[in-house]
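S.K.: Coordinates only, no sequence provided:
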């Protein structure tokens with residue numbers, strides 16, 4: 001159809017012209033064929049996964065075509081340098097735009113698209129890279145115009161054929177591409193420098209935390225007392241909580257052996273286990289089908305996605321008092337330290353800014369008196385990678401509460417704990433700025 005005035009999305013220079021995509025391509029706009037695969041052959045099948053979100057065209061992810069079916073493919077169907085490839089089915093990748101280049105195919109094997117990919121090939125009077133940049137700029141639109149059910153959306157060829165393209169003279173197309181790529185080159189260099197700074201920043205943070213937990217970040221003071229004295233006070237508090245029935249008596253953990261100690265600490269400090277310095281509990285998930293556990297709930301219920309390596313000041317879901325009474329859930333107080341035990345957020349940390357419960361993927365520690373909750377938080381941050389390495393399980397490794405409570409903890413006097421936290425936060429603030 002002719003282009004109507006109300007279709008035109010923005011004004012273009014007088015020397016330009018609005019055209020439909022179908023009028024500037026040398027190959028019919030359609031999806032590829034459903035292939036028959038082979039374990040190995042001399043022809044590659046380009047699938048949606050080959051048009052990667054972050055790393056561009058990935059032919060190493062392609063499968064091989066059964067070459068008994070080659071007679072089904074016209075010469076024009078094989079990918080050519082600067083062909084535009086558009087993922088055309090499915091929910092997750094539909095509408096994604098990529099550019100195939102010969103350099104993506106170092107083995108120089110023939111490549112055909114499968115039935116989930118549409119190929120756009122510009123005519124010779126069009127700068128193919130200009131066309132790619134314009135269509136790429138419209139990717140978010142293409143991602144939204146699929147037709148069909150939620151699981152079977154399809155970007156129909158007709159939508160692409162009717163796509164409006166602002167067409168400059170060929171010389172100007174080239175100048176536009178040159179200018180875009182010049183700017184992109186500057187951005188790439190800036191991004192590379194930024195990534196180097198981010199990596200350096202992260203290394204500095206790791207070094208600061210390492211020094212903090214080894215007693216090398218602030219001075220020791222004799223008037224702080226010793227961690228041995230502090231540990232005795234903590235154990236007295238623990239026994240009192242057990243006698244009052246507020247804490248369950250547990251089987252003693254194995255004593256710390258000399259060969260377990262990972263590094264030297266100051267004489268005024270003491271090695272303990274995480275179970276010695278706080279009460280650790282995991283949570284539970286109320287049944288979603290039982291609405292009385294969620295409807296009009298007022299008690300915050302934290303999932304590990306709410307952990308952001310800092311204070312937790314927002315929790316998206318609440319549960320009811322009934323859920324708290326009926327299920328193995330604990331209402332943790334403000335300043336409780338949290339760690340994600342498995343899943344995509346494994347190792348993520350948080351500190352509650354208000355009382356809340358948690359799901360079973362989160363382990364919470366209420367520190368005993370004499371242990372500064374922020375010192376524990378930064379300690380866990382310093383050993384996070386090591387905890388994740390110890391996680392057990394197949395598809396979804398789990399750190400487990402047992403691993404956590406048996407972890408060795410370098411305990412300084414309480415005054416020094418606070419000085420360490422103050423120093424860490426002062427350095428981190430400078431790094432942030």
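M.R.: Received, thanks. Bear in mind the structure is a predicted one, so any value in this text is a computation, not a measurement. Numbering: from 1, shown residues only.
S.K.: Work out the gap between the helix or strand hosting residue 402 and the centre of the chain.
M.R.: For residue 402, the host element (DSSP states H and E) is helix 401-405. How far helix 401-405 lies from its chain's middle: 25 Å, per Cα atoms, centre = their mean, to the nearest Å.
S.K.: same check, this time on stretch 13-28
M.R.: 39 Å.
S.K.: Run through who's touching it.
M.R.: Stretch 13-28 has contacts (Cβ atoms under 8 Å, 6 or more residues apart in numbering) with 3, 8, 12, 29, 76, 119-126, 131, 135, 160-169, 172. Any C-beta I mention is one placed from the backbone N, CA and C, and that applies to glycine too.
S.K.: can you give me the helices in the stretch 1-150 of the chain?
M.R.: 128-137, 139-144 (DSSP state H, counting those that start in this stretch).
S.K.: which element follows the last one toward the C-terminus?
M.R.: Spelled out, that is helix 139-144. On the C-terminal side of helix 139-144, the nearest following helix or strand under DSSP H and E is helix 157-161.
S.K.: Name the strands paired with the following helix or strand past that following helix and say parallel or antiparallel.
M.R.: Using DSSP H and E, the next helix or strand after helix 157-161 towards the C-terminus is strand 164-167. Using DSSP bridges, the strands paired with strand 164-167 in its sheet are strand 17-20 (antiparallel).
S.K.: Quick check: buried residues in the strand it pairs with?
M.R.: Judged by neighbour count (16 or more other Cβ atoms under 10 Å), strand 17-20 contains these buried residues: residue 20.
S.K.: for stretch 163-183, same thing?
M.R.: So stretch 163-183, judged by 16+ other Cβ under 10 Å, has buried residues 163, 165-168, 173, 176-177.
S.K.: Same check on stretch 408-417?
M.R.: 409-414, 416-417.
S.K.: In strands, which of these appear?
M.R.: Residues of the buried residues of stretch 408-417 located in strands (DSSP state E): 409-411.
S.K.: Kindly indicate which of these lies nearest residue 353.
M.R.: Of all these, residue 353 sits closest to residue 409, with 23.8 Å by Cβ to Cβ.
S.K.: okay but that closest one is in contact with residue 274, surely?
M.R.: Yes - taking contacts as Cβ atoms under 8 Å, residue 409 lies within contact range of residue 274: 5.1 Å.
S.K.: Show me how far stretch 235-253 is from its chain's centre.
M.R.: On Cα atoms, centre = their mean, the centre of stretch 235-253 falls 39 Å from that of its chain.
S.K.: Next: stretch 108-115.
M.R.: How far stretch 108-115 lies from its chain's middle: 32 Å, per Cα atoms, centre = their mean.
S.K.: Can you give me the end-to-end span of that stretch?
M.R.: Using Cα to Cα, to the nearest Å, one end of stretch 108-115 lies 22 Å from the other.
S.K.: So which bits of that stretch are buried?
M.R.: Neighbour-count burial for stretch 108-115, with 16+ other Cβ under 10 Å as criterion, is recorded at 110-114.
S.K.: Mind checking which of those residues land in strands?
M.R.: 111-113.
S.K.: Next, format those residues as TSV and append pLDDT and distance to residue 143.
M.R.: TSV is the format used below for those (pLDDT from 0 to 100; distance: Cβ to Cβ, whole Å):
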residue	pLDDT	distance to residue 143
111	97	24
112	97	24
113	97	19
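S.K.: now those residues as CSV including distance to residue 306?
M.R.: Below are those laid out as CSV (distance: Cβ to Cβ, whole Å):
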residue, distance to residue 306
111, 45
112, 46
113, 42
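S.K.: which other helices and strands contact the lengthiest helix in the chain?
M.R.: For the chain, the helix that runs over the most residues, judged by DSSP state H, is helix 170-213. Applying 3 or more Cβ pairs under 8 Å, 6 or more residues apart in numbering; DSSP states H and E, we find helix 170-213 packed against helix 128-137, helix 373-389, helix 414-432.
S.K.: Can you add distance to residue 243 and mean pLDDT and give the ones you listed back as TSV?
M.R.: What follows is those, written out as TSV (distance: least, Cβ to Cβ, whole Å; pLDDT from 0 to 100):
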stretch	distance to residue 243	mean pLDDT
helix 128-137	69	97
helix 373-389	24	97
helix 414-432	24	97
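S.K.: quick one, which of these is nearest to residue 221?
M.R.: Using Cβ to Cβ, the nearest of the helices and strands packed on helix 170-213 to residue 221 is helix 414-432, at 7.2 Å.
S.K.: If you compare the directions of that closest one and helix 373-389, what angle comes out?
M.R.: Orientation check (axes from the mean of the first three to the mean of the last three Cα atoms, to 10 degrees): helix 414-432 against helix 373-389 gives 70 degrees.
S.K.: Okay, buried residues for helix 414-432 please.
M.R.: Buried residues in helix 414-432 (16+ other Cβ under 10 Å): 414, 416-421, 424, 427-428.
S.K.: Need the contact partners of it.
M.R.: Helix 414-432 has contacts (Cβ under 8 Å, 6+ apart) with 201, 204-205, 208-209, 212, 215, 217-218, 220-221, 224-225, 230, 268, 370-372, 374-375, 378, 412.
S.K.: Can you give me the neighbour number for residue 27?
M.R.: Residue 27 has 15 neighbours, counted by other Cβ atoms under 10 Å.
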